[in-house]
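1. Build me a model from this:
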Amino acid sequence: MDPLSISLAVLPIVASCIAAIAKLRTVLESTKAINGTLLELLTRAERIRLFLDALHSLCAQIRDQVQESFLLDFDKTGCIMTINSLKQLVETVVDDSKKNRYWMKLHWALLKPDAVALIHDLGERQRDINSVIILIAAKSNFRTENEIRDISHHLVEQARIRDSSRSLKLEEEESDDFDTETLVVRDELDGIEPLVPTWPGYVLREGRGDAYLVERDKLSNASYIGKWSLVSSSVDVGREYGEVWANAVRLKDLMQADQISLWTPLHQAAFLCAPVGVVQDLIKRGALRTLRTRWSDPIFEYHDLTAVEIAQQMGFTQLYEALSPVIRHPIPPTTLIRLQDQFHSIIRNDLSNEDWARYLVLPDLNALTELEHPEMWFPLPFGGSEKRGYRYRLDNRELVVWKFSFEIGAPTIFRVSESGISPIDQVIFFNR
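-> Now for the predicted structure:
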């Protein structure tokens with residue numbers, strides 16, 4: 001096939017892949033223990049999607065940049081047959097998931113050989129597509145063979161499952177057959193990590209211990225007068241409480257709760273024209289550049305300011321570059337607002353009987369868009385010896401929410417999309 005024909009042919013195949021992957025992930029996330037073979041099938045299907053996307057992109061480039069016409073050995077028919085087999089198997093799995101567990105186990109014994117064969121077939125298709133991609137590199141001068149190898153390696157990595165909290169549970173009878181080292185990424189994390197940026201939404205002194213309040217006051221006072229070395233050491237203290245204080249705001253008594261300004265150390269650094277190195281250090285420690293104040297001095301035209309807006313209005317041009325947010329996860333504003341509204345509804349429903357809940361500053365999901373790993377922790381007091389709060393993470397155009405210490409046992413998990421809120425038993429993230 002010529003490059004133009006290939007670039008057009010892969011589009012409906014990719015669309016079928018996307019639909020099958022979405023359905024299979026939905027089934028797997030609704031199970032207490034994940035079937036390892038099906039999880040491997042999911043990762044293999046995601047690899048094919050990514051490799052087909054890369055093939056489509058490269059064919060589009062080569063048809064415009066290479067004058068000499070040539071044909072590529074792309075097995076369109078074989079690829080379609082494999083994806084059709086994937087669709088059929090996924091539909092069967094979806095139907096089985098609606099029946100009782102006994103039926104599912106009985107039918108899976110018959111279905112598993114087909115799934116294993118399909119995993120092998122998807123691997124063969126991946127190698128075939130990769131061979132075509134390498135041939136494109138050989139026939140053009142805009143991609144070297146080493147670059148193609150790097151692209152292929154990166155695609156394989158992106159299709160792996162990320163299990164940062166090591167919470168993924170596999171069916172015992174499937175775990176021996178599942179290649180966890182190859183297909184699952186497990187960071188050296190355990191539960192809620194201090195390195196996850198903290199949302200500073202609980203702004204009251206009530207419910208906090210004396211030692212905690214002393215340290216928070218030290219941080220706020222140091223930020224207010226520009227004692228940057230003390231700010232740095234105070235931010236480090238926050239780790240002892242399982243929080244990132246680079247975004248901490250001054251806490252208030254209940255009677256003063258309406259006077260919360262939401263000025264973080266980064267806002268103060270912008271206002272006081274801190275050295276660029278100080279600003280960069282705060283950002284490195286987790287300070288978020290998209291956060292807005294709730295109140296500001298009358299010298300400013302607006303009350304809701306980001307740190308870079310403060311620097312702009314003060315004329316501190318040397319800080320513009322360091323304070324300008326870098327958006328790593330661009331999501332349409334309407335989508336983000338819809339996700340945020342539904343997340344807020346979860347919180348309000350959980351805390352409807354708490355008088356102090358009306359003083360909460362609920363999470364602004366814009367903050368997630370600038371994080372390399374778009375995940376944050378919103379801690380709440382009054383959890384006793386257990387951590388209480390919400391951990392939340394963007395997953396493309398969806399939001400995954402974990403509720404901690406509202407019920408006995410493991411956290412409750414939700415997947416939030418524009419269409420609604422779905423409770424799930426496990427979370428499956430691809431490694432991107």
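
2. What's the separation between the nearest residue to Tyr392 once chain neighbours are set aside and Trp377?
-> Leaving aside its chain neighbours, Tyr392 sits nearest to Val401 (4.8 Å; criterion: Cβ to Cβ, 6 or more residues apart in numbering). Yep, even glycine has a C-beta here, placed from its N, CA and C like the rest. Using Cβ to Cβ, to the nearest Å, Val401 is found at 11 Å from Trp377.

3. Mutual contacts of these two, please.
-> By Cβ atoms under 8 Å, 6 or more residues apart in numbering, Val401 and Trp377 have these common neighbours: Tyr390, Arg391.

4. so Asp75 touches Arg127, yeah?
-> No. With contact defined as Cβ atoms under 8 Å, Asp75 does not reach Arg127; the gap is 11.1 Å.

5. Looking at those two, which is more packed in?
-> A direct count of neighbours by other Cβ atoms under 10 Å for Asp75 and Arg127 places Asp75 higher, at 15 against 10.

6. phi, psi of the more buried one?
-> Backbone torsions of Asp75, given as degrees, to the nearest 10, read phi -80, psi 80.

7. which residues does it contact?
-> With Cβ under 8 Å, 6+ apart, Asp75 has these contacts: Arg125, Asp128.

8. How about residues contacting stretch 45-61?
-> Here stretch 45-61 has contacts from 3-4, 6-7, 10-11, 13-14, 17-18, 20-21, 24, 72, 74, 79, 82-83, 86, 122, 125-126, 129-130, 132-133, 136, 140, 142-143, 151-152, 155-156, 158-159, 430, using Cβ under 8 Å, 6+ apart.

9. I'd like the mean pLDDT over that stretch, please.
-> Per-residue pLDDT over stretch 45-61 has a mean of 92.

10. now stretch 390-409
-> pLDDT averaged over stretch 390-409 gives 88.

11. From what I see, Ala33 and Glu171 are in contact.
-> Yes. In this structure, Ala33 is within contact of Glu171 by Cβ under 8 Å, at 4.5 Å.

12. Between these two, tell me which one has more neighbours.
-> It is Glu171, of Ala33 and Glu171, that has more neighbours when counted by other Cβ under 10 Å, with 19 against 15.

13. Next one: that one from Arg348, what distance?
-> Distance, Glu171 to Arg348, by Cβ to Cβ: 37 Å.

14. Name the nearest residue to Ala307, sequence neighbours excluded.
-> Nearest residue to Ala307, sequence neighbours excluded (Cβ to Cβ, 6+ apart): Ala270, at 4.1 Å.

15. Wait, that neighbour touches Gln312, no?
-> No. Between Ala270 and Gln312 there is no contact under Cβ under 8 Å: 9.0 Å.

16. So these two - more neighbours on which side?
-> A count of neighbours by other Cβ under 10 Å puts Ala270 above the other of Ala270 and Gln312, at 28 against 17.

17. could you give the mean pLDDT of the helix or strand where that one lies?
-> Per DSSP states H and E: Ala270 is located in helix 265-271. Helix 265-271 comes out with an average pLDDT of 98.

18. Please apply the same query to stretch 198-213.
-> On average, stretch 198-213 scores 93.

19. Can you give me the buried ones in it?
-> Residues of stretch 198-213 classed as buried: Thr198, Trp199, Pro200, Gly201, Tyr202, Val203, Leu204, Arg205, Arg208, Tyr212 (neighbour count, 16 or more other Cβ atoms under 10 Å).

20. same thing with stretch 145-155?
-> Ile148, Ile151, Ser152, Leu155.

21. can you check stretch 258-267 too?
-> For stretch 258-267, burial by neighbour count (16+ other Cβ under 10 Å) applies to Ile260, Ser261, Leu262, Trp263, Thr264, Pro265, Leu266, His267.

22. next one: stretch 81-95
-> For stretch 81-95, by 16+ other Cβ under 10 Å, it's Thr82, Ile83, Ser85, Leu86, Lys87, Leu89, Val90, Val93.

23. For the third one, which three-state class applies?
-> Here Ser85 is recorded as helix under DSSP: H, G, I helix; E, B strand; the rest coil.

24. That one reaches Ile119, doesn't it?
-> No. Assessed by Cβ under 8 Å, Ser85 is found out of contact with Ile119, at 11.0 Å.

25. The residue nearest to Tyr392 contacts Ser422, doesn't it?
-> No. Contact between Val401 and Ser422 fails when scored by Cβ under 8 Å: they sit 10.7 Å apart.

26. which residues are common contacts for these two?
-> Contacts common to Val401 and Ser422, judged by Cβ under 8 Å, 6+ apart, are Phe414, Arg415, Val416.

27. Let me have those residues in TSV, extended by secondary structure, pLDDT and neighbour count.
-> Formatted as TSV, the shared contacts of Val401 and Ser422 follow (DSSP: H, G, I helix; E, B strand; the rest coil; pLDDT from 0 to 100; neighbours: other Cβ atoms under 10 Å):
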residue	secondary structure	pLDDT	neighbour count
Phe414	strand	96	20
Arg415	strand	96	20
Val416	strand	98	22
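
28. On the three-state scheme, the closest residue to Pro379 other than its chain neighbours is what?
-> For Pro379, ignoring the flanking residues on the chain, the nearest one in space by Cβ to Cβ, 6+ apart is Gly389 at 4.2 Å. The assignment at Gly389 comes out as strand when based on three-state DSSP.

29. Can you report how many residues neighbour Gly389?
-> For Gly389, the count of nearby residues is 25 (other Cβ under 10 Å).

30. show me the contacts for it.
-> Listed by Cβ under 8 Å, 6+ apart, the contact partners of Gly389 are Trp377, Phe378, Pro379, Leu380, Gly383, Phe404, Ser405.

31. For the chain, give me the ranges with low pLDDT.
-> 63-69, 164-167, 172-182, 185-195, 383-386, 406-409 (pLDDT under 70).

32. And the helices in it?
-> 3-29, 36-65, 76-97, 101-138, 145-158, 172-175, 180-183, 210-225, 228-238, 265-271, 276-284, 307-314, 320-323, 333-350 (DSSP state H).

33. Could you save those helices as JSON lines and add columns showing distance to Pro363?
-> Converted to JSON lines, the helices of the chain look like this (distance: least, Cβ to Cβ, whole Å):
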{"stretch": "helix 3-29", "distance to Pro363": "22"}
{"stretch": "helix 36-65", "distance to Pro363": "29"}
{"stretch": "helix 76-97", "distance to Pro363": "32"}
{"stretch": "helix 101-138", "distance to Pro363": "37"}
{"stretch": "helix 145-158", "distance to Pro363": "27"}
{"stretch": "helix 172-175", "distance to Pro363": "36"}
{"stretch": "helix 180-183", "distance to Pro363": "32"}
{"stretch": "helix 210-225", "distance to Pro363": "19"}
{"stretch": "helix 228-238", "distance to Pro363": "18"}
{"stretch": "helix 265-271", "distance to Pro363": "17"}
{"stretch": "helix 276-284", "distance to Pro363": "19"}
{"stretch": "helix 307-314", "distance to Pro363": "18"}
{"stretch": "helix 320-323", "distance to Pro363": "21"}
{"stretch": "helix 333-350", "distance to Pro363": "7"}
